[in-house]
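Student: Here is a sequence with its predicted model. Questions after.
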Amino acid sequence: MKYFQFNFSTKPEETGMTFPQVQTSRDLIPVNDPRHIRGKGFEFLHDVYVPEAIVHPDAKPSDLLSVVFTSRLGISAKLKMLLEENTEEGLFQFLPMTVHYLDKTYEYWLLNPLRFDMQTINFEKSEAWLCGAGDTKVKKLSIGSQNDFEKLSKAVFLPERINIYSVKFKDNIQKDFIILRNAPGIRYYVSEILKQKIETAGLTGISFEVL
């Protein structure tokens, strides 16, 4: 199956003239409050506080929204509905987020990953690196399996980490939406089928990079 990296678009006609679109937020509780989403891991979250996002006046709201205060994806109700209809349960959690743009208010969602599909990677054909601070490449590694990757990852300590570049998937994968970690950071991938559905729906703010 053919896959594409699912990422933010910076087309001015879709997202405006500045990136990220959300550069400031409105916090009604202190950032160090244990309920605040800052510092939360990728797990099912209960009673979590999500700041109100403020879209820069030179930007525009789009269905996929770039948000500076979290690495999670900001998504519109239309994109949320499409993902719910075309992905398996338990892959992610939707957290409600209020978005302000000029004098208007919108209801958006943060996509909170719950599972990473590292078993879908063909490690022999992908490129693995030991990386230092800022994901600077230090040493190229030979990794043959997910088991090798997990063992090596547990053997290094921050700021070092094992990252996967030039991701290649196994031939028999049949998933429409894949989330990876250490690729580097969190990366999202969609099948050609889901890509076509997103494009047909006219959803904005999204780019697709072929693998």
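Tutor: That came through fine.
Student: who touches Leu114 in this structure?
Tutor: Phe42, Glu43, Phe44, Gly90, Leu91, Phe92, Gln93 (CB atoms under 8 Å, 6 or more residues apart in numbering). The C-beta positions use only the backbone N, C-alpha and C, and glycine is treated the same way.
Student: Excluding chain neighbours, give the residue nearest to Glu150 in space.
Tutor: In space, and not counting its chain neighbours, Glu150 is closest to Met118: 7.8 Å by CB to CB, 6 or more residues apart in numbering.
Student: ok, now how distant is that neighbour from Val31?
Tutor: Counting by CB to CB, to the nearest Å, the gap between Met118 and Val31 amounts to 31 Å.
Student: Where does the prediction get shaky in the chain?
Tutor: Within the chain, not a single segment meets pLDDT under 70.
Student: which residues of it fall in helices?
Tutor: In the chain, the helices defined using DSSP state H lie at 12-15, 77-86, 146-155, 192-200.
Student: So if we follow the domain assignment, how does the chain break up?
Tutor: For the chain, the structural domains run 3-116+173-210, 122-165, going by automatic domain parsing.
Student: Could you identify which of those domains is most buried?
Tutor: Highest mean neighbour count among the domains of the chain (mean count of other CB atoms under 10 Å): domain 3-116+173-210, with a mean of 17.
Student: For Leu211, see how far away Lys2 is.
Tutor: Taking CB to CB as the measure, Lys2 falls 8 Å from Leu211.
Student: tell me the contacts of Tyr101?
Tutor: Neighbouring residues of Tyr101 by CB under 8 Å, 6+ apart: Ile54, Val55, Lys60, Pro61.
Student: switch the cut-off to 7 Å
Tutor: Listed by CB atoms under 7 Å, 6 or more residues apart in numbering, the contact set of Tyr101 reads Val55, Pro61.
Student: So that it lines up with my notes, have the first residue be 49 from now on.
Tutor: Got it, the first residue is 49 from now on, which makes the last one we talked about Tyr149.
Student: Identify the bridge partners of it.
Tutor: In this entry, Tyr149 is beta-bridged to Lys152, by DSSP bridges.
Student: Next one: it from Leu158, what distance?
Tutor: Note on Tyr149: its distance to Leu158, by CB to CB, is 17 Å.
Student: what sits up against stretch 217-231?
Tutor: Outside stretch 217-231, the residues that touch it by CB under 7 Å, 6+ apart are 49, 51, 131, 134-135, 139, 161, 164-166, 168-170, 209-212, 215, 234-239, 241-242.
Student: what sits against Thr146?
Tutor: Neighbour list for Thr146: Glu100, Thr153, Glu155 [criterion: CB under 7 Å, 6+ apart].
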